[in-house]
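K.L.:
sequence and predicted structure below; questions after.
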Amino acid sequence: MKKILIISTGGTISQVHTETGIAISNEKSFKGDVFADNLNRLKREFNIDVIDSKTILNKDSSNIVPTDWEKIINTIIEEYNNYTAFIVTHGTNTMGYTCSAVSFAIGNVGKPIAFTGAQISYGMPGTDAIINLENTLRVIACDDCKLAGVCCVFGSKVITGTRVKKQNEFEYDAFKTFGRQLDVARIGNSIVYNETALEKHLSFLGSRSKQKDELIVKNKFDTNIVCLTEFPRIESNLL
């Protein structure tokens with residue numbers, strides 16, 4: 001039985017526009033008219049039994065803070081036994097930080113947790129909101145889904161959760177895989193996995209828990225941290 005929970009946190013994908021073109025947040029976007037017709041269509045196409053949604057935040061992602069990460073993590077944990085996969089819709093500016101935080105907070109996830117969003121709001125010309133949501137469902141709701149753990153599905157890429165880096169504001173492929181790691185998969189008229197990258201992604205999950213009470217959770221974040229760039233003759237009192 002396929003049961004998907006969409007966890008909405010705000011961002012461009014949840015915005016609507018007024019007649020004068022001003023973008024406003026819409027905390028009911030996944031329950032109201034904005035996505036309802038499309039979700040019903042996708043539910044039929046992918047033979048999904050249930051698609052539920054829950055809005056837990058309604059923020060521009062530039063304003064997302066560690067306590068919001070905790071809220072996302074706790075929602076996933078609370079609902080873990082009730083769904084086979086999760087989609088987290090999120091603004092693009094700090095999506096990489098949230099993906100990484102959730103990846104490290106839940107160490108042995110046995111179900112897909114896919115982050116996605118949009119560069120252009122739904123209802124605007126050229127919007128990528130629906131195609132990103134559709135591609136996310138293609139990845140996590142297919143009958144032979146290979147993924148578990150946290151990933152980002154955006155544009156034509158599937159990226160492991162600890163390697164998500166935003167590269168531009170313009171292109172539909174807004175994110176790239178950070179470092180020398182390869183994309184887990186590429187999305188086109190089919191989904192093509194890089195088996196080496198997929199195996200590496202899955203290897204970090206250890207035993208993949210299917211039940212809430214088996215999860216290894218570390219969901220508190222220490223914010224007493226500063227990042228310094230090392231340079232020649234750096235003073236020791238700065239370290």
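P.N.:
Alright, I've got the coordinates.
K.L.:
secondary structure class for residue 192?
P.N.:
strand (DSSP: H, G, I helix; E, B strand; the rest coil).
K.L.:
how far away is it from residue 139?
P.N.:
As for residue 192, its distance to residue 139 is 12 Å (criterion: Cβ to Cβ, to the nearest Å). Every residue, glycine included, has its C-beta placed from N, CA and C.
K.L.:
tell me which of those two has more neighbours.
P.N.:
Neighbours were counted for residue 192 and for residue 139 using other Cβ atoms under 10 Å; residue 139 has more, 24 against 12.
K.L.:
show me the contacts for the more buried one.
P.N.:
By Cβ atoms under 8 Å, 6 or more residues apart in numbering, residue 139 lies in contact with 112, 114, 145, 147, 151, 153, 158, 185, 187, 191.
K.L.:
now residue 139: how far from residue 79?
P.N.:
19 Å.
K.L.:
repeat for residue 234
P.N.:
As judged by Cβ to Cβ, residue 234 and residue 79 stand 46 Å apart.
K.L.:
more neighbours, the two?
P.N.:
Neighbour comparison, residue 234 and residue 79: the larger count goes to residue 79, with 16 against 11 (by other Cβ under 10 Å).
K.L.:
now that one, nearest residue through space, not along the chain?
P.N.:
In this structure, residue 79 finds its nearest non-sequential neighbour in residue 5, 5.5 Å apart by Cβ to Cβ, 6 or more residues apart in numbering.
K.L.:
and that neighbour, what does it touch?
P.N.:
52-54, 79, 82-83, 85-87 are the contacts of residue 5 under Cβ under 8 Å, 6+ apart.
K.L.:
by mean pLDDT, flag the weakest helix or strand of this structure.
P.N.:
Ranking every helix and strand in the chain by mean pLDDT, DSSP states H and E puts strand 23-25 at the bottom, with a mean of 56.
K.L.:
only the C-alpha atoms, please, for stretch 95-113, written as PDB.
P.N.:
Extracted in PDB, the C-alpha atoms of stretch 95-113 (Å, rounded to 0.1, in the frame of the first residue of the first chain):
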ATOM      1  CA  MET A  95      17.000  23.700   1.300                       C
ATOM      2  CA  GLY A  96      20.500  22.200   1.400                       C
ATOM      3  CA  TYR A  97      21.000  23.000   5.100                       C
ATOM      4  CA  THR A  98      17.700  21.400   6.000                       C
ATOM      5  CA  CYS A  99      18.300  18.300   3.900                       C
ATOM      6  CA  SER A 100      21.700  17.900   5.600                       C
ATOM      7  CA  ALA A 101      20.200  18.400   9.100                       C
ATOM      8  CA  VAL A 102      17.500  15.900   8.600                       C
ATOM      9  CA  SER A 103      20.000  13.400   7.100                       C
ATOM     10  CA  PHE A 104      22.200  13.500  10.200                       C
ATOM     11  CA  ALA A 105      19.300  13.700  12.700                       C
ATOM     12  CA  ILE A 106      17.700  10.400  11.600                       C
ATOM     13  CA  GLY A 107      20.500   7.900  11.100                       C
ATOM     14  CA  ASN A 108      18.800   4.700   9.800                       C
ATOM     15  CA  VAL A 109      15.800   5.800   7.800                       C
ATOM     16  CA  GLY A 110      14.300   2.900   5.800                       C
ATOM     17  CA  LYS A 111      11.800   5.000   3.800                       C
ATOM     18  CA  PRO A 112      12.300   7.800   1.200                       C
ATOM     19  CA  ILE A 113      12.200  11.400   2.500                       C
END
